[in-house]
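Undergrad: below is the structure, and that's it, no one-letter string:
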């Protein structure tokens, strides 16, 4: 599985070269983006899926497991995190018609 989440409306860098962003541009882009990939396991008889992280834009998650709680609701898949710091996050995907 692969996850990429980006905050909408991130301002473009002034430079065309992605390696030439200013520290401020890079910081704003980093704060609005996370990506990771790896494998996953659905825990039987529960609403839990475990993501086994192999690589991540947040290096502290590499080689860790991240638990997500899922809910299937009509044409939607909803994933929720446990607390991350003091926040809990939720993502909803809707099946295309």
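TA: Looks like it came in fine. Owing to the predicted nature of the structure, the values given are computational and were not obtained by experimental measurement.

Undergrad: what pairs with residue 35 across the strands?
TA: Assessed by DSSP bridges, residue 35 has beta-bridge partners residue 4.

Undergrad: thought it was touching residue 57?
TA: Yes. Contact criterion Cβ atoms under 8 Å: residue 35 and residue 57 qualify, at 4.7 Å. Heads up, the C-betas are built off the backbone N, CA and C, glycines and all.

Undergrad: now the strands: where do they sit in the chain?
TA: Assigned by DSSP state E, the strands in the chain fall at 2-6, 33-42, 48-56, 65-73, 76-81, 90-94.

Undergrad: how about those, which one is nearest residue 20?
TA: Proximity to residue 20 (Cβ to Cβ) singles out strand 33-42 among the strands of the chain, at 17.9 Å.

Undergrad: taking the mean pLDDT, what do you get for the closest one?
TA: Mean per-residue pLDDT for strand 33-42: 96.
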